[in-house]
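Trainee: Sharing a model prediction with you, sequence too.
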Amino acid sequence: MQLQIECNSSPFKQQLCCLCTHSFETKEAQVIICNDQGTECGEVCPGCIGQGFSWIKNQFEQLNQPQKSPRTHWRKVQEVPISA
Ligand SMILES: [Zn+2]
């Protein structure tokens with residue numbers, strides 16, 4: 001995960017944060033989050049930036065994790081000894 005700071009050509013617009021999904025007003029500079037392949041994943045709001053890089057990384061990884069299937073505890077089928 002990488003953070004990129006870019007000049008915003010159209011500041012003062014409402015934008016959705018890709019981490020917390022809150023809307024925020026863009027500034028002249030914007031922070032864009034990229035995955036390891038360098039693909040832009042969206043903009044990050046100042047609130048999220050304030051949480052620090054490791055927090056952002058953590059959030060990003062959680063968001064981008066392939067959906068884990070809920071842990072299912074397979075009931076072991078009890079072997080019933082047939083004594084007939
Ligand atoms: Zn945010």
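Mentor: Perfect, thanks for sending it.

Trainee: The biggest helix by length in the chain: how far from the chain's middle?
Mentor: The residue-count maximum for a helix in the chain (DSSP state H) belongs to helix 53-64. Remark: helix 53-64 is offset 5 Å from the chain centroid, using CA atoms, centre = their mean, to the nearest Å.

Trainee: Show residues contacting that helix.
Mentor: Residues from elsewhere that reach helix 53-64 (CB atoms under 8 Å, 6 or more residues apart in numbering): 1, 3, 18-20, 33, 35, 41, 44, 48-49, 51. Any C-beta I mention is one placed from the backbone N, CA and C, and that applies to glycine too.

Trainee: and if you look at stretch 28-44?
Mentor: 1-8, 11, 15-19, 26, 49, 56, 60, 64.

Trainee: Return the subset of those residues lying in helices.
Mentor: Judged by DSSP H, helices contain the following of these: 49, 56, 60, 64.

Trainee: now the nearest residue to the first one once chain neighbours are set aside, what's its secondary structure?
Mentor: With CB to CB, 6 or more residues apart in numbering as the measure, V31 is the residue that lies nearest to I49, at 5.6 Å, once sequence neighbours are left out. Classification of V31 into helix, strand or coil gives strand, according to DSSP: H, G, I helix; E, B strand; the rest coil.
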